[in-house]
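> What follows is a predicted structure for the sequence shown.
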2 protein chains.
Amino acid sequence: MDDVATVAGVSRGTVSRALNGGRNVSGSAQSAIDRAIRKTGYVINPHARSLATQRSKSVAFILSEPQDRLFEDPNFNLLLHGCTQALADNDITVLLTLAGTPEDRARVSRYVTAGHVDGALLVSTHTGSPLIDELRAQDVPVVACGRPLGHERDVAYVAADDRDGARQMVGYLVSRGYRRIGTITGPLDTSGGVDRLAGYHDVLGESDPNLVATGDYTQAGGAAAMELLLDRAPDVDAVFVASDLMAAGALAALRRAGRRVPDDVAVAGFDDSRIAAACHPPLTTIRQPLSRISTEMVRLLLRLIDGEANAAVILPTEIVLRESA
Amino acid sequence: MDDVATVAGVSRGTVSRALNGGRNVSGSAQSAIDRAIRKTGYVINPHARSLATQRSKSVAFILSEPQDRLFEDPNFNLLLHGCTQALADNDITVLLTLAGTPEDRARVSRYVTAGHVDGALLVSTHTGSPLIDELRAQDVPVVACGRPLGHERDVAYVAADDRDGARQMVGYLVSRGYRRIGTITGPLDTSGGVDRLAGYHDVLGESDPNLVATGDYTQAGGAAAMELLLDRAPDVDAVFVASDLMAAGALAALRRAGRRVPDDVAVAGFDDSRIAAACHPPLTTIRQPLSRISTEMVRLLLRLIDGEANAAVILPTEIVLRESA
DNA sequence: CTCAAAACTGGGAGCGCTCACAGTTCCTCA
DNA sequence: TGAGGAACTGTGAGCGCTCCCAGTTTTGAG
């Protein structure tokens, strides 16, 4: 930077100002500096800048989940991609951090609360991790993806309207004349699990408990839940599954049981992930507005970093009709 | 840090030493410092450290690809996950950077070559991006994932043995008695594209050109290529597809054409991605050792950072038999 | 023409660390 | 018993920026 100043014939201070918005820099100084920068090939040193400003121009993308799960989820990809892009557009870099094990969690927690990043994007489906409390305690700007069960009031979040999505889908199944509509839920310590189940009940009331089975968002779990359903309620004629991946498992289980889809049993998924279209038959599902979710998360986080108050954003979902229902 | 020093009754320098491996620190000083750190809740400031050491303890994970593609690929997930984990184990953070557009690429290139990271992991399938040259020119330690076409000698890389994997699979198809074996290749400016095709030719020699179609690693592209194949070589009885995603597309195309899999036409994929097991019928495919690829990439990068020379690592693949072939 | 305010500039201090170096203590062995 | 060396410790300089403040120039009324 001193080189640039020398070449441009100005002082360090002026170069710094020119680099940071150019307030109070004369046109001639500005252009001399631009030239000097080009000539010297100067690039700013972000560590020095962060040291001086106490701002890092980076945020952590924290995955607090028993690892494999999220990386299996095609939606997660889109989310990560969307957030990274949106942050890059704001000239902010993304630190990817895994907090699957308690040790990882402790490390990430120290790292983030130490102020090495300006904020954090939290992707975690399960409730009960102490991470969120630790981050809260240190007043780190945090935006969660999905409703953070038990923290709706004290942490900002962006979520799809899971409950309404479930209502749309179950309502659609009802309108198509299905009468014994079962559901395979997500884990009930996740907002996706409880909210989608709530939407199901919103439409159907307190239906037959035999029509409700709980899955774990995996394909194998979906298959197992479908088998359970078939066993307990053999007359089931439609099933609303809380994720496409589980729905793919359910499809396989139905095939093994000799039931045709959608003729004998209709299957509806949730997420509209890539696998939905690849299934046979292709899944009728609920689309989550993932790219909007990620841009909203970033927008919210930037506002928190600027000192604004927490907020929640709920985004609408959309039904996607294919052949499975 | 001064606080810690005061509380522990030692000097800054001793605290620093204690923090960095503890060479030449007495036991009593060490434990006093440990206590003081716990008491004060001190956490090191990585920016200050980086400024002083000229090392950032971070590496960039660069995706130089027209965006959506990689994020669609389930393998990419595993790779990112594996690398992040392996780096975290070495106490190195990962900066995720997208270099899809030329502007992004320029930004990333400046960022990385400015020495803000200690090295870079490059994930890019296509050849011809200037990024690799720019990084080379600045002597930034770089490890590529997959053979970097045209840069095999001057950049370190880790790759699965694509060619041998293709040989295994095509050999298997031959051994099962298939005679009109077609292939759907990846883009021919990618190593996966050319190497898997080369393996196919290794087994079959210069077969009928009508049996070769080029895809683009997408599901839709796979379906289109399959249709082309059916059109040009209606008697095709097996097809080796260079990726599972394309194979899923091929499956759909075959279904639409009224061909049964594997009875009329056998289909074999490549990657053993999650979608392989979800397909109907489940795909016979080649497994890439992704978690080993990622740990090897990290190991290689750390060695490069320590000043060792470039190297290449080729990892063996494995055939996974399911029902599609 | 004058003078206050606005626009601009330069330089010192400091962000929190590491590293080199000089100084101190403590062994060890002849 | 003393000298030489090993082990340990403290201090100052500096990494490359930004920010503040004081100083200088320019501008625009009156």
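Looks like it arrived, so ask away. Residues are numbered from 1 along each chain as shown, chains lettered A, B, ... in the order given.

> Write out the residues of chain A neighbouring DNA strand D.
Proximity of chain A to DNA strand D (C-beta under 7 Å from any atom of the strand) is limited to residues A:1-2, A:12-13, A:15-16, A:19-20, A:42-45, A:48-49, A:51-53. C-beta here means a position set from N, CA and C on the backbone, and glycine is covered the same way.

> Off-centre distance for stretch A:208-225?
What separates the centre of stretch A:208-225 from the centre of its chain is 23 Å, taken as C-alpha atoms, centre = their mean, to the nearest Å.

> send the alpha carbons of it over as PDB?
Only the C-alpha atoms of stretch A:208-225 are listed here, as PDB (Å, rounded to 0.1, in the frame of the first residue of the first chain):
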ATOM      1  CA  ASP A 208     -56.800 -42.500  12.400                       C
ATOM      2  CA  PRO A 209     -53.400 -42.700  14.200                       C
ATOM      3  CA  ASN A 210     -52.600 -45.800  12.200                       C
ATOM      4  CA  LEU A 211     -52.300 -43.600   9.200                       C
ATOM      5  CA  VAL A 212     -49.300 -41.700  10.700                       C
ATOM      6  CA  ALA A 213     -45.800 -43.000  10.600                       C
ATOM      7  CA  THR A 214     -42.600 -41.200  11.500                       C
ATOM      8  CA  GLY A 215     -39.600 -41.300   9.200                       C
ATOM      9  CA  ASP A 216     -36.100 -39.900   9.500                       C
ATOM     10  CA  TYR A 217     -35.700 -38.100   6.200                       C
ATOM     11  CA  THR A 218     -33.800 -41.000   4.700                       C
ATOM     12  CA  GLN A 219     -34.800 -43.200   1.900                       C
ATOM     13  CA  ALA A 220     -34.500 -46.400   4.000                       C
ATOM     14  CA  GLY A 221     -36.500 -44.700   6.700                       C
ATOM     15  CA  GLY A 222     -39.200 -43.800   4.200                       C
ATOM     16  CA  ALA A 223     -39.400 -47.400   3.000                       C
ATOM     17  CA  ALA A 224     -39.700 -48.700   6.600                       C
ATOM     18  CA  ALA A 225     -42.400 -46.200   7.400                       C
END
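
> Could you pull out the buried residues of that stretch?
By 16 or more other C-beta atoms under 10 Å in any protein chain shown, the buried positions in stretch A:208-225 come out as A:210-219, A:221-225.

> just stretch A:251-262 next, same as before
Of all the residues in stretch A:251-262, those buried under the rule 16+ other C-beta under 10 Å are A:251, A:252, A:253, A:254, A:259, A:261, A:262.

> From the rest of the structure, what touches that stretch?
Taking contacts as C-beta atoms under 8 Å, 6 or more residues apart in numbering or on different chains, the residues outside stretch A:251-262 that touch it are A:219, A:222-224, A:226-227, A:230, A:264-265, A:267, A:279-281, A:283, A:323-325, B:278, B:280.

> distance between that stretch and the chain's centre?
31 Å.

> first to last residue in it, what's the distance?
End-to-end distance of stretch A:251-262 (C-alpha to C-alpha, to the nearest Å): 10 Å.
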